Structures are given as C-alpha cells and as structure tokens.
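K.L.:
Take a look and give me a structure for this.
(chains A and B)
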There are 2 protein chains.
Amino acid sequence: MTIDPFLIVGKRYPRIDSKDKVTGRTKYLDDLKFPGMLHGKVLRSPYPHARILRIETARAERLPGVRAVVTIEDTPRVPFGSYRSGVKDELIFAMEKVRYVGDEVAAVAAIDEETALEALDLIEVDYEPLPALLSIDEAMKPDAVRIHDDAEGNIASHTVTVRGNPEKGFEEADLVLEDRFETPLQIHGYLEPVGCIAAWDASGRLTIWAPSQNPSWSRIIFSEALNVPIGRLRVIQTFIGGAFGGKLEQKLYLIAAVLAQKAKKPVKMVNTRDEEFQTSMPRVPMRIDLRMGVRKDGLLTAKEHRIFADNGAYTKYASAVVNLGTYRVDGLYRLRNIRNENFLIYTNKLPTSAFRGFGNPQITFAMESMLDHLAEGIGMDPLDLRLRNAAEPGDITAHGFHYISCGLKECFKQVSEAIEWKRKRSQKGSGRGLGISATSHVCGNRSFFPLFDGATAYVRIDEGGNVKVITGEVEVGQGLLTAYATIVAETLGVMPRMVTVEPPDTDVAPFGLGTWGDRGTFIGGAAVKLAAAEARKELLAVASEMLEADPSDLDCKEGKVFVKGSPEKGLPFHEVAATAVYTRGGAPILGKGTFIPNSEIADSTRYGNVSGAYAFGAQAAEVEVDEETGRIRLVEVVAAHDVGRALNRTTTEGQIEGATVQGIGYALFEEVEFAEGVMLNPDYLNYRVPTALDVPPITSLIVETIDPAGPFGAKGVAEPAMTPTAPAIANAIYNATGVRIKRLPITPEKVLGSLRKTKV
Amino acid sequence: MTIDPFLIVGKRYPRIDSKDKVTGRTKYLDDLKFPGMLHGKVLRSPYPHARILRIETARAERLPGVRAVVTIEDTPRVPFGSYRSGVKDELIFAMEKVRYVGDEVAAVAAIDEETALEALDLIEVDYEPLPALLSIDEAMKPDAVRIHDDAEGNIASHTVTVRGNPEKGFEEADLVLEDRFETPLQIHGYLEPVGCIAAWDASGRLTIWAPSQNPSWSRIIFSEALNVPIGRLRVIQTFIGGAFGGKLEQKLYLIAAVLAQKAKKPVKMVNTRDEEFQTSMPRVPMRIDLRMGVRKDGLLTAKEHRIFADNGAYTKYASAVVNLGTYRVDGLYRLRNIRNENFLIYTNKLPTSAFRGFGNPQITFAMESMLDHLAEGIGMDPLDLRLRNAAEPGDITAHGFHYISCGLKECFKQVSEAIEWKRKRSQKGSGRGLGISATSHVCGNRSFFPLFDGATAYVRIDEGGNVKVITGEVEVGQGLLTAYATIVAETLGVMPRMVTVEPPDTDVAPFGLGTWGDRGTFIGGAAVKLAAAEARKELLAVASEMLEADPSDLDCKEGKVFVKGSPEKGLPFHEVAATAVYTRGGAPILGKGTFIPNSEIADSTRYGNVSGAYAFGAQAAEVEVDEETGRIRLVEVVAAHDVGRALNRTTTEGQIEGATVQGIGYALFEEVEFAEGVMLNPDYLNYRVPTALDVPPITSLIVETIDPAGPFGAKGVAEPAMTPTAPAIANAIYNATGVRIKRLPITPEKVLGSLRKTKV
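P.N.:
Numbering: from 1, shown residues only, chains lettered A, B, ... in the order given. As a prediction, the model looks like this:
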C-alpha cells in the first residue's frame, strides 16, 4: 500500500470559478460597458463569390447616431494570416471581391445596436456575382475560377510526407484495404458568442477586451493586420464562455479596432448566434482516402492517406490543422511505413480552422474505422489488433515523437474491462454492438508557434496571505484556473479557494501562448509549479527567521508554517506573508517559474519531437440500433484516458465527459446544411448538438502514468477525449448491424439506407 | 559649464495621463458600471448630538426596487480608527448615538438612486436630542456632556513635548511675544466626489473599486472594521479626480461593502457635493496660543505653543495631524528650546482629518505671522531674522530630524530677489505690502505608519517593448505617474509616453503606503529608479548576446540599445525586448526595486529622524489693500521650493502653482459656516475657492539641492508649496496696512474692521 502524499492533488474540489459563474457574478465581455461606448455591426456579403463594384456609405454616415462607417479603405490593407501559417490571405475587410456568404464588407459604429443595424441597410454595395465554388470538387476542376489570385487550382496548401517505405509496407501486407471517409464541418457550439470592446487611448495605444484564447499571441497578428507596433496593443482577456479552438484571434476584434479608431470612442461588437454559425471558424471538413496494410499476425505494415480538406474562403489555422493535426494519429499504433498527402482547398464557404482535436478527430475516424475491417479481414478481435500495434513508453514514432509516459495499453485494458468487451462481443444478434477506438495527442507543439513553446508564471503572496497566480495561459472553460490553484495550493499548503487566478492582461501577465494543443496543464502547469516552489522557498526563508529554525526543517500545510513534526506550534500562513511584505519594503513574495519542455521544431519533412509529452486514450461505446427505423440508441460510453495524473478528479472527469459529448455530437448529430452557399441551419434549434436526453451514461476512467515532466505528472486531456468517440460509435454500429457509415454524422437515415442496401 | 547628462529628467514633457483626461477617455469610479449593480444611499443624522431611540426599516425594505437596508445591526460593531492612531472611536454606523449632522445612521441599496433616496425617507428614526457641543470651548466646559463615553473632558488626545529648556530660552530672550491665532476648517475641494463600488465574490472575497489614496493600507482598516481577513479584501484604485488627503480610507466604502454583502450584488455609492462638504474629512481647525522669544541679535531663543484642535465627532487622522504635523515647523528655524502642548477636542461637528500640509499650514501661519512682529520688535528686517535662524544642511533639529539636503536659504534668496524685497520693502505708503514666509516638510514619515516606510516597484518590459511600472504608490492628481515614467524613460532610454503606469490593484501591485507626507516621488520614485536600473541590466544582458558585446560596453538611449559610441549600429529597443521574452519562456523583463529610506520611528517623546529627506520652501507675496473697503488684491506670489531635483519642470511648477492657489484660498476665501451644527454653505457657490480671477501671477522658482537619497536627487513638493502662502499674504497685508489678522481667512470685513479699530 502506498501512502498518498497529497492533500489536494488528485482529490475532488469544486472549480474555483464555479460559484461565481452559477450565481451570475462572473463578468463576461458582454457585461462590460464603458462610458461613451458605441456599438458596432458588420455588413456581410450575401453572395458566396462576387466582385465588389461599388460601396457607397454616405447615406449610412448621415443617419443620426452613426459615429463611423468603415470599409477596406479605412484599413492598412496588409494581408495577414495565422501566425507563421505561411498563408496570408486575409484583409480586415473584403477588397474587390467577396468570397463567402458572410464575408466582411463594411461596418458601422453607432450609439446603439439598432442604429448600427439600420445604418447597415443604408450602405449600398453593387456586386457582380462570380461562379461560386461550393465544394472541393468544384474548386479543383481545371477550369474553376480562382478564389484567390495566387492560389493555383484553388490549392491553399499541399504537402506530402513519406516515412519508411510505404510501397514495401504494402507489399508485406497480407491484407490491404482502401476506403474513403468524410467528416463534416462542425460548429464549436460554445455558449458565449464572440465579442470584444476596442478602445484607443489618447497616445494611440489600443486595448482590446475579448474572450481570447491566445491574448499574447494574437497581438502579433493584430499588430500586423492593423500596422500598429505590438507594444501599442494591449489585450485583456475576459472570462470565456467556451472556446474549443474557436476563440483564437478573430477578425471581429480588428473591425472593432478600426471602428474605434475612426469614431474615437470605445466600440463593442458581439456576434449574433446567426453570425456565430456563419462566420466563426468551424472544424475543417475532410475527405480522406485511406489505405492500410496488415499482416496475418496483426502487424500493421503500411498506411497511406490522401486528404482533401475544405478550407473555405480563408485559411486561418486550417493549414496547421491539416499539416500538423492529421499526422499525430500515425504514432498511435506503431506505423513505420507511411505516405500522407494533404490538400487544403479553397471553396466559397465560411473559413474553417481550429477545433478541439485539431485534425485528429477527422483522421482518427477514418483510421479507427478501417482497423475494424482489417481485424475482421484477418480474423482477429479488433481490440487485439489494436493491442498488437499499440504504442508503448519509449517509442519514437515514425514522425519522431518520443513517448516518455504512455498509458495507451492500460487505457485499452481498463476500457475493455469496464464495458465487458470479451463477453459482450461474443454475444450476437441482440441489435446491440460494441466498438472501440483510441487516440494519441500532443501536449503542446513546438512546430505550431515556432518562437518557443514554454510558459512562465508568477505566484504572488501578499500581506494578507492572498495567493495569486499570474500567467498568460488561458482558461477557456476547461478548468485551467482550478488546475493551477490546485498545484499552488498543494505546494504552499493552503486551500485551493484561497488561490486566485484571473484571465490574463498582456500588460501584466507573462507572454502566454494560450490554450491549444493540450498544453495548458502540462506546460503552463509546470511553470506554475516551479513558481509556487520558488514562492514557498521565499515564504519558508521568512518563517525560518520568525521560528528561528533552518528553512529545510520547515513545512507548510493547512494554512500553517511550522517546524516539521510540530504543526501545532506553527505560524499562520498569512502572518508569515505579512512579515515578508512589511519587512521587505512592501514587496510581495513573488515566485517565478519558467518551463520549457524538451521539444523541438519539426524539420522540413515535419519530422521531430514536437511535444514534451503525449496524451493517450481509448473509448468504447455500446449501441442499440433499431433496424426498422435506423434509430441509434447509445447505451454507454466508457472513456479511459492517460492524463499523466489527475490534478482534480472531478474536473478531469468533467473534461472527459464534456469532450465525449462533443464527440457524440460529431458522431451522430451535427451537420450544417447549405443552399447556394447560404447556411440553412445557423441556430441551435436546427443544428442539433446533443442534449441531456441524447447522452448515455459515460464512465470516465483515469489512467495515471505520472509523466516525469508534467506538474505532479499531469498531461492534457481536453482535446484527446473528443477524438475516439465518433469511431468507437461507428464501430459499435458496424458491430451491431454490419453497416459501415463512412460519412459523419451517422444519422438514422444513413443507417437505414445502408441497412436496406445490405439486405437487398 | 556643466553638461546636462539627462535627456528627459528636468525637461518639460506633458503628463502621461493628460490627453486621456482632457479627451474624456479616463475612466473614473463613476464611469464604471457592473451588471446587476445597485445604488446605495446613506441616511444621515439631522441632529448634531442625539440618542437614537428606534430605527424602523420595514417600510423602506418593502419599497419595490429596494434590495437591502442596513444599520449598525448588520455590521460587526468593531470600533476602528486610522491605523495606529491609538483612537478607535468609529463604527460603520452610529450606534445608540449620533454625534454630528451627517453621522451615518442607515443605508439603502436599490435598483437606482431615486429608489434608494425614496427608501431613505421611509426609514423611521426616533431621536432624543442631546446638548450639542459646537465649539471646543463648549466641549471643554467642566459640565459638558461627553461625546464619547471614554473621552473625559471630550479630549481625544493630549500631548506635551519639551525640548531643551524653554524657561531658560525665554529668560535669554530680549523680546517675548505671545498671541493667539486661529485657522479654519478647509474643504479639500477636489473635483471628483468620493465614491466606490463594492462587490463580494461567491467565495466571500470583497473587492472595492475606489479613488483611494492608500489602497494597500486601507485594507488593514477595512479588515478590522468589517471583521474580514486582509487576504479576503481587494482594493482596486480608480483614477483619482483630486484628493489632497481627503481620499484616505472612507467610511462610505465600508457601508457599500455591508450593503453589497446583504444584497448579494455589487453596490455603487457616490457622494453628492452636499455630502462631500458635510461628511468628508476637512482640515483640522486649530486655535494656537503661541509664545516666542528672540534676542536682539535675531536669535530665536524659545518657542511654546498650546494648540486646541477641533476634532469633530470622530478622530480619523486628526490626532496624527496634531501630534505629528504641527512640530515639523520647529525645524524650519534653529529652535532649541521648545514646549508644545496639543489638545485634540471632540465637538459635535463633522470629523476633521488629513489635508495637504497635515497640520503644517496651521502652525506655520501662526509662527510665520509672529516672526514679523519679533523682527519688528528688535528692529530687524523680517527676511534677515529668518535668514539668521534658517535651517541648513547638516542640521539635526530639536526633534531629531537630520537635514541632509536643505535649500531653505537659497529659497529665501531666490524669492526675495524675484520679488525685489529690499527695494519694495523700503517703499512705504503705497497701500501695497510685501510678506515672506517659509516651510519645511517631511518626505515620508516613519512614525505615521510604523510597520515600515519604504516602497517597492517593478518595471516590466514585454515583447512589444511596452514598458510598465507596477507599484502600489498612488497618483492623486499630482503627476506621480508622470514622475515615474520620467525616471523609467531616462533610465531605459525611451520616451516617457512609452511608459505606462496605472492605478494600483492590491492583487497585482506591491504593498504601497500611498500618497501622503510628500513621499510619492522621494520614496516611491527611488524604488522605481532601482527597478528601472534592474530592468536595464536585464535588457543589456540580452542585448549583449545579440550584439556580441560586453553589457558594460552597452548603452540604451532614444529607443535603441547599442555599443557605446555606435548608436547607429544599435538594435531597436523592442527587438531586444522581444528576444528577451521569446528566449526565456515568455518571461517579461522584470526589474524590481525596493527603497527604504534611512529614517526611524520617533521615540515616545516624538524624537527621531522620521524621514529620509526634508523639503523646504519660501514664498513671498505682494498685496494691495483698499483701505476704504478692506478689499485685498494679490499682486503677485513668488514661490521658491527646494524640490531636490525637478524631474519634470512643467509638472513641478504645476504642483507649486496648484498648492499656492490652495494656499490663497486658505488665506483669503475659504470658510464654512454653521448654524446649530448644520453646514450652511455646502457647495462651491457659497464656499468660495479661488477662481482664475482671484489668482495673481505666480512665479515658481525651483531650487535643486540634489538630495543624495532621492531619485535623481528629487524630493517632494506637493504639500510644502501650500504651507507658506497664507502667512506670506498675512504678512504682506500687515506690511501694507499695519493690520494683523490672526484668524483665517483674511476677509475684507476683517481687514476693514481692524483698520477701523487701528484708526480709532
């Protein structure tokens, strides 16, 4: 029996921000009101593709209450894109052409939203419609018009990656399968729409308040787009009501900045739900042609994919999604012979970009679906096939990832036991089926933001014993603040609720890369832990004088600082803190921690150990399919995830459950419908995310591999827990019905249609 | 000829906050609006002294829109006072008794101010009036009722300080004069009324947004009064629209906190101008019996004063004003034999407290008035008498102050030359007169806040080259932010407007004692300078790698970092900053500076070198008096001040001019009228502060003694520049008319009355 050395880590505590949220105290962006603040609205293109012949704003400008009308003429016209994506295909407003229904043409700031909307109607725009390329097939036709002049064949990016010897791999295979899978555009579906307030001070410094996922980093992009030095830009993050990758830098912030500059007043802009759906940056839809080979003994010998991804009208992070996101899966099983070819294709639809999983859910759906058929082809249990090839600690993958901690096999073990895999799979004909799937993911990505991939945090203790974490890393709803409070509370021996962490302000916080790539806990948390340790050292040094004892003989726990073994003679934490401040000229205790994981930028072939740790997970689903109606009832989902260590069991389970639900939506429900490039269901009534009634019991199993680099061993879980859900469900449906649906979402119509074909 | 080594220090730059203020961008407290915010109003006593028999709040509580009604019953009832004043005579609301017209009885929070005001009318309070003691004479009568049960004779404090041998001093004098001087209550007269927003979060942590002069320190008082640990309190300073000592901790903040706690919503409270006048904490009125002896050769041999100060109903900082503030003057001239006796007397009037000069204007008015009569009595020019006794560098005063830098004689020299003292004083009978006066003041006071008197600041440079000063010290309108920006800009070689400094937040800033006792520039500025030097060191270390040069060979100026002698090959400042951040895991450059001046806590006899530096000044005034009407025309004021070094000539002159104008108001105009304890002129129409038409040309002369401890040699000037104005004017009037007015303000009525008496 091992004794748990922790008082707080690994226990169940409520999130430190939950009470304020449920009692309505948390101030979100839309709660902020500034004196003299104007309200901005955007005039958007009604055409998927058209030439702009004329924009006339005079009537709008004359409307009483209007303070500024802006178009491309009011901007520096510097093309920009996501940081180092290599594709700079955006401007703040459409210039000469519009490229999708929703493209920004002009904007108005007025004394209220009604006036701004009225003014939009008074802006006259003459368009000359152009052929609209509404699918990747249309866009790739040899005679297709170009959406962007410099993108030949409407190809935004094209990469080929070869590892080992794919030809030889396929030759060595006893069975080679090839198939096409398609994944849809998925809306992030966060509760809080995108919004911001932009205000310029008299010295020409711009401040943007926004629920930004990457406040520090976004300054680099904004600086470029607005042609304003980074130091003249300040971004203050407001509490985020959900992000999932959708709240990286937003064009709306730039539009607000341009309006505020012209109007010389603060300008607030908040998307309507309709705008959210039509102009946010949803998941990149992909058409994946996949080919895999397997030997009779279950060894996977080769994998080849060709992806055609739908970029929409502008690239944003889609090139990274396609070129960084889709090859993580190749390390999940020990693939050595690989050929990946990725095309990112412009279409006249809304731009797609980053979304939880970042390309991984798309490719994993394809590969994990095919694995079941490979297993079936060689007469092997699909679980056994996976275990035969599963990654293990110490592996260096084909793309150069070094796996230090890796609990993939343990995840398979736990998930299969919990769902009673062997027993249930041997029962046939009940209309029920079991499916299994897995995922691997990065925890940070040195290639994504090449300047660096690390984090710095400060832990500050003031004269009231108030402990504050100051970091540029970002809570997006995932519970990061609570994770940081947990790390600090454990290190300093105080309760988590005594630790405050707030959204970053780029004028106060260190540069933080923000939340993406599952880096928040692993990288940010490690920095916080180092900072807390330094603060603890400072605290004990002060206490050592007060207690006349050597610092090494001291400990702090439960709000006291004491000589080891004599907690009853200890000093209250806040008393030591007060002594520190009052005897040192008002200086708070300030521990600083910087953590830079042992990762590297991938080389020109995309080879390299891009992350300091990797997360793993496996999920199994049980379904019941009504063969008369095609209706799918999810009976149960079991999710086991190697999180390194759960800093807080409740919030870790919450992440797994939330991600699984999003995976269920991806698998079964979520789909956007277009007609002539116009979105037909831009609202939650017609775009179906899972409701409480759609969600089966989810069992979250936590596998702890105690990563040596992670804070207390922790890694990430927010993204990976979304990835295996859809293929696990697809595999369960196949198991139940013999029907393989290769195009998400798996609707009753598709199942019924396939069932009928099968039976014919 | 010395070469000016500075690019920015000592030059003229606009204040860094001025443009935002004049363009209406600066957000003051009343500009803040929070979701769900309620508005609070206070029910105040209409009686100067009365027993509370009953408070019935039920009707008010039932009024629609009312969210909370609070009285003493809703508070912890812990008596509090100013920090370590030794007098804890206040509660958040009146308990059992009210003690002045305006005393807080109850408060209401409602959805708007109108509803709150309506609810106040519905609170029923039964009072039993008690005898009202409306003057110190009435309060000191043997049979007077006690205003506070434990204050015998209504004495709030009584101290006697003896230095040397006063009896012997008076014996050695050739002339001894004795007289009574009276100084009035003076309203601070800032533009922005006191206000705050209080909000509790779900964890029970209270945040107060307020224009507080001492955010860190006020937490200590609030913690006591609210019975909440300091760590559960956060104070965020909002931009201050003037303070002058009147915005130290305010009871209004506590009332808002109690309302917010009960209503579970943020509560905003803002004083009306009427409330400001009747309940703010104006200058302590004093009756000063002064006795001084002088030898024929001009040597001052002894000084004795007995002060009766009008405390009003509660003590606040009045005891410090009387017991710390009034003995600074004793070091202005080389007094060795001193007896000071101070009585602070409770009356049934509004509490008095800290105000620019802090007791010094009161006693200096008396002493500097008397000096002219001593000079006259021994046939000496009043200027010569002063120069004969004036303090010099190296002096240790009777109370133990060590003067390191001291430009008093130079101030006298410059001021007398500028006003042409010798020439004009020799001209008689023009109806014009010249007067002169001086002051000495502390720069910080180790006895005022005994925990420590020092400051800590951080200078932070981010990846955009954005330079930010983080400190707990407080801009109150005096230009402190600009002073700090100047210090940092000079040290780092950037323009002052590239440096941002913001009002402190106790969750971010170091503990700052705040602005009082002229400590902001001398102590806070020295900390900022050390922090900037550390930041510079960090910056040059990064640049040394980039430029492949030794850090000691590098310099930074005009936005570049370069090898000395080769600025043209330099790197842009922001490029070095970006490299620092991106190569060090996101950590900004963060220089920390702590400055603790060489001062000591005074002993039990109030002896000790309480400040690390002392400021000096002299002023001369020329007046013209119409002997028919008593009308006084100020012809000119010349003010010379030893500021150590002027960091910015424009703002230093601005401080001298502003203080002089306030001194003019004190001398000639400002007076509150009462009837039965009710203030009769609680507004700017009837309480006359000087207008532009009342202010003569003011010549500001800057004497630079380059104090070795001050930042670039700077000391304070904000308070001392107010002190000598009134006596200089009084002396000029005496010189012009032969009439000595010993009771401020010097109105035409008083002059005319005295003139008529003289002529009889």
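
K.L.:
what about residue A:404, which SS state?
P.N.:
Three-state assignment for residue A:404 (DSSP: H, G, I helix; E, B strand; the rest coil): coil.

K.L.:
Do I have it right that residue A:525 meets residue A:485?
P.N.:
No: using Cβ atoms under 8 Å, residue A:525 is not in contact with residue A:485, being 10.8 Å away. (Glycine included, C-beta is placed from N, CA and C.)

K.L.:
Establish whether stretch A:575-584 and chain B are in contact.
P.N.:
Yes: residues of stretch A:575-584 are located near chain B by Cβ under 8 Å from any Cβ of the partner chain, namely A:577, A:578, A:581, A:582, A:583, A:584.

K.L.:
Send me that stretch as PDB with only the CA atoms.
P.N.:
Extracted C-alpha coordinates of stretch A:575-584, given in PDB (Å, rounded to 0.1, in the frame of the first residue of the first chain):
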ATOM      1  CA  GLU A 575       1.300  36.100   9.400                       C
ATOM      2  CA  VAL A 576       4.400  34.900   7.700                       C
ATOM      3  CA  ALA A 577       3.300  36.600   4.500                       C
ATOM      4  CA  ALA A 578       2.600  39.900   6.300                       C
ATOM      5  CA  THR A 579       6.000  39.800   7.900                       C
ATOM      6  CA  ALA A 580       7.600  39.200   4.500                       C
ATOM      7  CA  VAL A 581       5.800  42.200   3.000                       C
ATOM      8  CA  TYR A 582       6.300  44.600   5.900                       C
ATOM      9  CA  THR A 583      10.000  43.800   6.400                       C
ATOM     10  CA  ARG A 584      10.900  44.000   2.800                       C
END
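
K.L.:
Of the residues of stretch A:575-584 next to chain B, which is the most crowded?
P.N.:
residue A:577 (29 neighbours; other Cβ atoms under 10 Å in any protein chain shown).

K.L.:
residue contacts, it?
P.N.:
By Cβ atoms under 8 Å, 6 or more residues apart in numbering or on different chains, the residues touching residue A:577 are A:461, A:462, A:463, A:464, A:465, A:539, A:589, B:231.

K.L.:
Please, where are all the strands along the stretch 201-350 of chain A?
P.N.:
Assigned by DSSP state E, counting those that start in this stretch, the stretch 201-350 of chain A shows strands spanning A:206-210, A:233-237, A:267-270, A:286-294, A:300-312, A:338-346.

K.L.:
In TSV, list the ones you listed along with mean neighbour count and mean pLDDT.
P.N.:
As requested, these are exported to TSV (neighbours: other Cβ atoms under 10 Å in any protein chain shown; pLDDT from 0 to 100):
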stretch	mean neighbour count	mean pLDDT
strand A:206-210	23	98
strand A:233-237	24	97
strand A:267-270	26	98
strand A:286-294	23	98
strand A:300-312	24	98
strand A:338-346	24	98
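
K.L.:
possible to save those as TSV with distance to residue A:676?
P.N.:
Shown next, in TSV, are the strands of the stretch 201-350 of chain A (distance: least, Cβ to Cβ, whole Å):
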stretch	distance to residue A:676
strand A:206-210	33
strand A:233-237	37
strand A:267-270	27
strand A:286-294	21
strand A:300-312	15
strand A:338-346	18
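
K.L.:
Can you tell me the SS state at residue A:128?
P.N.:
strand.

K.L.:
residue farthest from the centroid of chain A?
P.N.:
The outermost residue of chain A relative to its centre, with distances by Cα atoms, centre = their mean, is residue A:548 at 50.0 Å.

K.L.:
Per-residue pLDDT of that one, please?
P.N.:
Looking at residue A:548, its pLDDT reads 95.

K.L.:
From chain B, how far off is it?
P.N.:
According to Cβ to the nearest Cβ, to the nearest Å, residue A:548 and chain B sit 21 Å apart.

K.L.:
Reformat the strands of the stretch 201-350 of chain A as a markdown table; add distance to chain B.
P.N.:
Formatted as a markdown table, these follow (distance: least, Cβ to the nearest Cβ, whole Å):
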| stretch | distance to chain B |
| --- | --- |
| strand A:206-210 | 11 |
| strand A:233-237 | 7 |
| strand A:267-270 | 13 |
| strand A:286-294 | 33 |
| strand A:300-312 | 29 |
| strand A:338-346 | 28 |
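
K.L.:
Tell me where the stretch 401-550 of chain A has strands.
P.N.:
Under DSSP E, counting those that start in this stretch, the stretch 401-550 of chain A gives strands at A:432-442, A:455-461, A:467-471, A:499-501.

K.L.:
My read is that residue A:299 contacts residue A:388, right?
P.N.:
Yes: checked against Cβ under 8 Å, the pair residue A:299 and residue A:388 is within contact range at 6.7 Å.

K.L.:
Where does the prediction get shaky in chain A?
P.N.:
A:1-2, A:84-85, A:759-760 (pLDDT under 70).

K.L.:
quick one, domains of it?
P.N.:
Listed by automatic domain parsing, the domain ranges of chain A are A:18-26+A:454-595, A:32-130+A:190-243+A:247-279, A:356-442+A:605-759.

K.L.:
ok, back up a step: sitting in helices, which of the residues of stretch A:575-584 next to chain B do you find?
P.N.:
A:577, A:578, A:581, A:582, A:583 (DSSP state H).

K.L.:
Tell me which residues touch the residue lying closest to the third one once chain neighbours are set aside, please.
P.N.:
Counting by Cβ to Cβ, 6 or more residues apart in numbering or on different chains, residue A:463 is the residue found nearest to residue A:581 once chain neighbours are left out, at 3.8 Å. Shown in contact with residue A:463 (Cβ under 8 Å, 6+ apart): A:574, A:577, A:578, A:580, A:581, A:582, A:588, B:216, B:230, B:511.

K.L.:
which phi and psi does the last one have?
P.N.:
For residue B:511, the backbone dihedrals are phi -60, psi 120 (criterion: degrees, to the nearest 10).

K.L.:
Surely residue A:460 and residue A:535 touch.
P.N.:
Yes: with contact defined as Cβ under 8 Å, residue A:460 reaches residue A:535; the gap is 7.5 Å.

K.L.:
Mind listing the shared neighbours of the two?
P.N.:
By Cβ under 8 Å, 6+ apart, the residues touching both residue A:460 and residue A:535 are A:467, A:589, A:590, A:591.

K.L.:
if we can go back for a sec, would you format the strands of the stretch 401-550 of chain A as a markdown table with mean neighbour count and distance to residue A:89 included?
P.N.:
Below are those laid out as a markdown table (neighbours: other Cβ atoms under 10 Å in any protein chain shown; distance: least, Cβ to Cβ, whole Å):
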| stretch | mean neighbour count | distance to residue A:89 |
| --- | --- | --- |
| strand A:432-442 | 28 | 26 |
| strand A:455-461 | 29 | 30 |
| strand A:467-471 | 25 | 33 |
| strand A:499-501 | 24 | 37 |
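
K.L.:
burial measure for residue A:726, as a count.
P.N.:
Residue A:726: 31 neighbours (other Cβ under 10 Å).

K.L.:
That one: what secondary structure?
P.N.:
Strictly by three-state DSSP, residue A:726 counts as helix.

K.L.:
Skip the chain neighbours and tell me the closest residue to it.
P.N.:
residue A:667 (3.8 Å).

K.L.:
again, but for residue A:178
P.N.:
residue A:291 (4.2 Å).

K.L.:
Bridged to that neighbour, which residues?
P.N.:
residue A:178, residue A:304 (DSSP bridges).

K.L.:
quick one: buried residues of the host helix or strand of residue A:752?
P.N.:
Using DSSP states H and E, residue A:752 maps to helix A:748-759. Residues of helix A:748-759 classed as buried: A:750, A:751, A:752, A:754, A:755 (neighbour count, 16 or more other Cβ atoms under 10 Å in any protein chain shown).

K.L.:
which helices and strands does it pack with?
P.N.:
For helix A:748-759, the elements it packs on are helix A:725-737, judged by 3 or more Cβ pairs under 8 Å, 6 or more residues apart in numbering or on different chains; DSSP states H and E.
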